[in-house]
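Trainee: below is the sequence, then the predicted model.
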Amino acid sequence: MKGKWAVLGLVAIGTFMTALDASIVNISPPSIARTFHTPIDGAVQWVIIAYLVVIAATLLTFGRLSNLVGRKPVWMAGLAIFTLGSIFCGAAGSLPELVVARVFQGLGGALIFAPASRSSPTPSPSPIAVGSSGSTRSCSRSARAWDRRSGG
């Protein structure tokens, strides 16, 4: 039983980080524009848009993939890609590199969201499965609420 709670904790943290990353960047365009010596215009906004568009475009496909190959390998691949994307974002030397890194990070985010968003781990939902699903979704909502309070 302890292993199941550890899995729930990891999935909740991954979901929280992915949701937080989707909204926390909303406050950064002025800083990004200063860093890359560009005006705040559509190019800087693509840093935000690219991540969200990639998640929206691939979420259903990755959900189907998680049904076919299993949720664990899809989630683990998502965590690895999301982490690499975060590293690439931090190492980006230009605005186009940052946008490409955000696209890569968005692929990881979609791979994390897809298996985590299923309502239950078994065909017939048990009370623990329903509760864990609610906990995962509340982590996502908490990330958005926390971001709003911090100015995002």
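Mentor: Looks like it came in fine. Note that the structure is a prediction, hence the values are computed from the model and not measured. Residues are numbered from 1 along each chain as shown.

Trainee: what's the nearest residue to residue 45 if we skip its chain neighbours?
Mentor: Using Cβ to Cβ, 6 or more residues apart in numbering and skipping the chain neighbours, the partner closest in space to residue 45 is residue 29 (6.7 Å). Every residue, glycine included, has its C-beta placed from N, CA and C.

Trainee: what sits against that neighbour?
Mentor: In this structure, residue 29 makes contact with 40, 44-45, 47-48, judged by Cβ atoms under 8 Å, 6 or more residues apart in numbering.

Trainee: any idea how far it lies from residue 39?
Mentor: When distance is defined by Cβ to Cβ, to the nearest Å, residue 29 is 10 Å away from residue 39.

Trainee: next one: residue 46
Mentor: From residue 46 over to residue 39 (counting by Cβ to Cβ), the distance is 13 Å.

Trainee: rewinding a little: ChimeraX command for the buried members of the contacts of residue 29?
Mentor: What follows is the ChimeraX syntax for the buried subset of those, where burial is set by 16 or more other Cβ atoms under 10 Å:
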select :44,47,48
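
Trainee: which ones among the contacts of residue 29 lie within helices?
Mentor: Cross-referencing these against helices under DSSP state H gives 44-45, 47-48.

Trainee: which of those sits closest to residue 34?
Mentor: Using Cβ to Cβ, residue 44 comes nearest to residue 34 of the ones in helices among the contacts of residue 29, at 10.1 Å.

Trainee: so who does that closest one touch?
Mentor: With contact taken as Cβ under 8 Å, 6+ apart, residue 44 is in contact with 29, 32-33, 36, 38, 95.

Trainee: where's the closest residue to residue 97 other than its chain neighbours, which helix or strand?
Mentor: When the adjacent residues along the chain are set aside, residue 97 lies closest to residue 88, with 7.7 Å between them (Cβ to Cβ, 6+ apart). Element membership for residue 88, per DSSP states H and E: helix 71-91.

Trainee: hmm, who's touching that helix?
Mentor: Counting contacts by Cβ under 8 Å, 6+ apart, the residues touching helix 71-91 from outside are 11, 14, 17-18, 21, 62, 65-66, 97-98, 100-102, 104-116, 118, 121.
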